[in-house]
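> mind folding the following:
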Amino acid sequence: MRDFIQEIQDFRYLNWSDTKLSPGTPGCFLKAYEEQDGRRFYYKLSNYDSYRGVFGHECINELIVSRLLEILQIEHLHYQLLHARICIDGKEMEAYITRTENFRKETERKMPFDVFYDLNKREGESPLDFFIRMDWAVYMYQMLTIDYLICNRDRHGANIEVLIDEAGKVRPAPLFDQGLSLLFSSYGNLESIRKYDVMEDKAVNNFIGSKSSEYNLRFIPKGICWFNRNLEECDRNKLLGGLDGVLHVEHLDKIWNMIWERWKKYVQICCKK
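So this is what the prediction gives:
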């Protein structure tokens, strides 16, 4: 399946109104879903409000991060980016949207990690220690690294999920919802992009670890490779290929510069004894 379809698709039939975060249509991230041949697909927009319409590029970030996770061979929710014609509150517009397929097995139910943690933690046990006790350390180390590489600002307790089957067996869900990352707050403004410091340690909304994604690398045991494949300079095209007409070339260059420079910093901090 192609992960990016640039040819405009007609998705005016999707209902975004039922999933608004609050009454009216304030700034928010609208979602929709549909059933096709017994399969459920979920759709998400970048930021939206009733005055500006769809703005930002969180959906494009989701595709880029999905490709990065593919390169590093980390289990994740696969995002497809679609150029779509949509309708919100009776207004037709064109926008880029993401599509994903339900990752749960039929016998599984999902639960936000923060809820699962509250129900099962020991007295005084931190979310980080809880993850290790559950034998999910590799998953956590990979997640902390990815969140550093992409400067993910939104790994709150519900942006990590656990899946529970009928027998009570629990596993962490594939990584998902990484749109508030990279240069998400620049909204395509070239002046902001040019000034953006890709190595700045911005405050993050992390449920596990600290509010610094760089400091969180200190929780990862040193001298061990936690990925089946390393990032290479030649991976730039795999990561950003086909997006020249979607984001400005300087924006794409800045995204690559962020990921590559942060990867080198990660290697320096975590991969050398």
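
> can we go C-alpha only for contacts and neighbour counts from here?
Will do.

> helices along the stretch 101-250 of the chain, start to end?
113-120, 127-133, 137-150, 190-195, 236-240, 249-270 (DSSP state H, counting those that start in this stretch).

> these: which one's closest to Val204?
Using CA to CA as the measure, helix 137-150 is the one of the helices of the stretch 101-250 of the chain that comes nearest Val204, at 9.3 Å.

> and the closest one, how far out from the chain's middle?
Remark: helix 137-150 is offset 12 Å from the chain centroid, using CA atoms, centre = their mean, to the nearest Å.

> if we can go back for a sec, tell me the most buried of the helices of the stretch 101-250 of the chain?
Comparing those by mean neighbour count (mean count of other CA atoms under 10 Å), helix 137-150 comes out on top with a mean of 21.

> from the contact counts, what lies against it?
Contact analysis of helix 137-150 by 3 or more CA pairs under 8 Å, 6 or more residues apart in numbering; DSSP states H and E lists helix 249-270 as its packing neighbours.

> just want the angle from the helix it packs on to helix 137-150.
Orientation check (axes from the mean of the first three to the mean of the last three CA atoms, to 10 degrees): helix 249-270 against helix 137-150 gives 140 degrees.

> returning to that earlier point: so which of the helices of the stretch 101-250 of the chain comes closest to Ala203?
Proximity to Ala203 (CA to CA) singles out helix 137-150 among the helices of the stretch 101-250 of the chain, at 11.1 Å.

> what's next to that closest one, contact-wise?
Helix 137-150 is contacted from outside by 65, 74, 131, 153, 155, 175, 181-182, 213-214, 216-217, 219-220, 226-227, 258-260, 262-263, 266, using CA atoms under 8 Å, 6 or more residues apart in numbering.

> give me the distance between stretch 170-186 and the centre of its chain.
Using CA atoms, centre = their mean, the offset of stretch 170-186 from its chain centre is 2 Å.
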